[in-house]
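In: pasted the sequence and its predicted model underneath.
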Amino acid sequence: METQRPKICFDRVLPRDLMQHQLTMSTAGRMRAIAINGKKWMNGITLRVRFMGGTASQYKIVKEEAEWWTKVANLKFDFNNAPAAEIRITFDETDGAWSYIGTDCQSIPLNQATMNLGFLDPGTAAHEFGHAIGLAHEHQNPAGGIQWNEAVVISEVAKAPNYWDEETARHNILSKYSVDQITGTKFDPDSIMLYYFPPEWTLNGIGTKANTVLSTLDKQFISGAMMYPKTAPTVDEAVELEVNARRRTAASIGKFGEEDLFTFAVEESGRHVIDTKGPTDVIMKLFGPDSKTQLITQDDDSGFRHNARIASNLIKGRYYVQIHHFNLTNGTGKYSVKVHHS
């Protein structure tokens, strides 16, 4: 009888964000899930979901497992099949299971899927929705410590049910994110974002187990300050910025991983500059017009020293600004923000 091989999620990453290889390293301390920097939606967001095919029984499973995240995180899913839905799901059995990660979904044409559920084993939909809200594969955590037998892995995934070549195997299993690409560097062996891998695939005979529900650390991480905390301000409570205000708006990152949310209205189309000033190294994202999920652009250090600065031609509408510290794990500090229209 042929060995039963695991079905593994195919990680969809935009070309500009292809992973950099980093050797496995061991880390002591508390364990937690990982998220890829720059992929998180704004706190309190509602993400629309559209099914592109599928059956009622499949929809039921998807909705139930997606709700596992919304029970603990400050976000919602609206299964309204909107044409411009942020998450668009197909059920192609020949294409495995995969999802784009977080705000990358907005870079995909509206007539294409952002997620495929070619199989719906227990926990699969929850795993893929974890990607859709910004989480990465746990086995590619740089602090993971899995000692892969690379030759065996490459040989096994070339067979059914995956049929992957060596490049795909390295991209989805063997390669790890570099530390500066992620938030949360500890390894969680119980994470829903970790698949089952046989002990025969490792050098020390230690594999991983199948995780079919959210772990305690999954819940803590997704509801924590770095992701979607229910106690933090939401996008609907964003601070109003007056365009061409006489004074800058004072703000601060008071807790590790905290994000500040601002909004402003463009009454006259044209070039607008949004910038920060101060000693704090921040990253800024701009969403709109009239959309809390459509990412226009983001910036790190285009302003003075480590300040952020976005200059863009904007049309009339409402815009949203998300600001967080460059160092999500231990960065805090004061800054100011202003919107200028010239």
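Out: Looks like it arrived, so ask away. On a predicted model such as this, the values are computed, not experimentally measured, just so you know. Numbering: from 1, shown residues only.
In: in the stretch 101-250 of the chain, where is pLDDT below threshold?
Out: By pLDDT under 70, the low-scoring segments of the stretch 101-250 of the chain are 138-145, 161, 175-186.
In: so what's the spatially closest residue to S336 that is not a sequence neighbour up against?
Out: Nearest residue to S336 in three dimensions, chain neighbours excluded: R248, at 3.9 Å (C-beta to C-beta, 6 or more residues apart in numbering). No exception for glycine: its C-beta is placed from N, CA and C like everyone else's. Taking C-beta atoms under 8 Å, 6 or more residues apart in numbering as the definition of contact, the neighbours of R248 are K277, S336, V337, K338.
In: out of those, which is nearest to W69?
Out: The shortest approach to W69 among the contacts of R248 belongs to V337, at 30.1 Å (C-beta to C-beta).
In: could I get the buried residue list for the helix or strand harbouring the closest one?
Out: Element membership for V337 (DSSP states H and E) is strand 333-341. Judged by neighbour count (16 or more other C-beta atoms under 10 Å), strand 333-341 contains these buried residues: Y335, S336, V337, K338, V339.
In: just give the closest residue to the most centrally placed residue in the chain, not the sequence neighbours.
Out: Central residue of the chain (C-alpha atoms, centre = their mean): G134, 1.4 Å from the mean position. Leaving out its chain neighbours, the residue that sits closest to G134 by C-beta to C-beta, 6+ apart is G102, at 3.6 Å.
In: my guess is the one you found meets A132, correct?
Out: Yes - when contacts are counted by C-beta atoms under 8 Å, G102 is listed as touching A132 (7.0 Å).
In: of the two, give the one with the bigger neighbour count.
Out: For G102 versus A132, the count of surrounding residues by other C-beta atoms under 10 Å is larger for A132: 27 against 21.
In: for the more buried one, grab phi and psi.
Out: Comment: the main-chain dihedrals of A132 come out as phi -60, psi -20, following degrees, to the nearest 10.
In: and it, how far from N149?
Out: Using C-beta to C-beta, to the nearest Å, one gets 31 Å for the distance from A132 to N149.
In: in terms of helices and strands, where is A311?
Out: When elements are defined using DSSP H and E, A311 is found to belong to strand 309-314.
In: oh, that last question was meant for A73, not what I typed.
Out: A73 belongs to no helix or strand, assigned by DSSP H and E.
In: since we're on it, how many residues are nearby?
Out: A73 is surrounded by 21 other residues when neighbours are defined as other C-beta under 10 Å.
In: show me the contacts for the closest residue in space to it that isn't next to it in sequence.
Out: Nearest in space to A73, with sequence neighbours left out and distances taken as C-beta to C-beta, 6+ apart, is Y228 at 3.9 Å. Contact partners of Y228, counting by C-beta under 8 Å, 6+ apart, are K40, W41, N43, G44, A73, N74, L75, I133, I222.
In: swap in G207?
Out: Residues near G207 by C-beta under 8 Å, 6+ apart: Y196, F197, P198, P199, E200, W201.
In: could you redo the last one with a cut-off of 6 Å?
Out: For G207, the contacting residues are F197, P198, P199, taking C-beta atoms under 6 Å, 6 or more residues apart in numbering as the criterion.
In: equivalent analysis for N313, please.
Out: Per C-beta under 6 Å, 6+ apart, neighbours of N313: R271.
In: swap in G333?
Out: Under the criterion of C-beta under 6 Å, 6+ apart, the contact partners of G333 comprise I253, T280.
In: give the bridge partners for it, please.
Out: For G333, the beta-bridge partners are I253 (DSSP bridges).
In: am I right that R88 is in a strand?
Out: Yes - counting by DSSP: H, G, I helix; E, B strand; the rest coil, R88 falls inside a strand.
In: what's the neighbour count on it?
Out: When neighbours are counted by other C-beta under 10 Å, R88 comes out with 25.
In: any idea what it is bridged to?
Out: Per DSSP bridges, residues listed as beta-bridge partners of R88: R50.
In: my read: it touches F51, true?
Out: No - with contact defined as C-beta atoms under 6 Å, R88 does not reach F51; the gap is 8.1 Å.
In: so what's the residue nearest to I87 when sequence neighbours are not counted up against?
Out: The spatially closest residue to I87, leaving aside those adjacent along the chain, is V49, at 4.6 Å (C-beta to C-beta, 6+ apart). When the contact criterion is C-beta under 6 Å, 6+ apart, the partners of V49 are F77, F79, A85, I87.
In: tell me the secondary structure at the residue nearest to A73.
Out: Taking three-state DSSP, the label given to Y228 is coil.
In: and it, how far from G134?
Out: Y228 sits 9 Å away from G134, taking C-beta to C-beta as the criterion.
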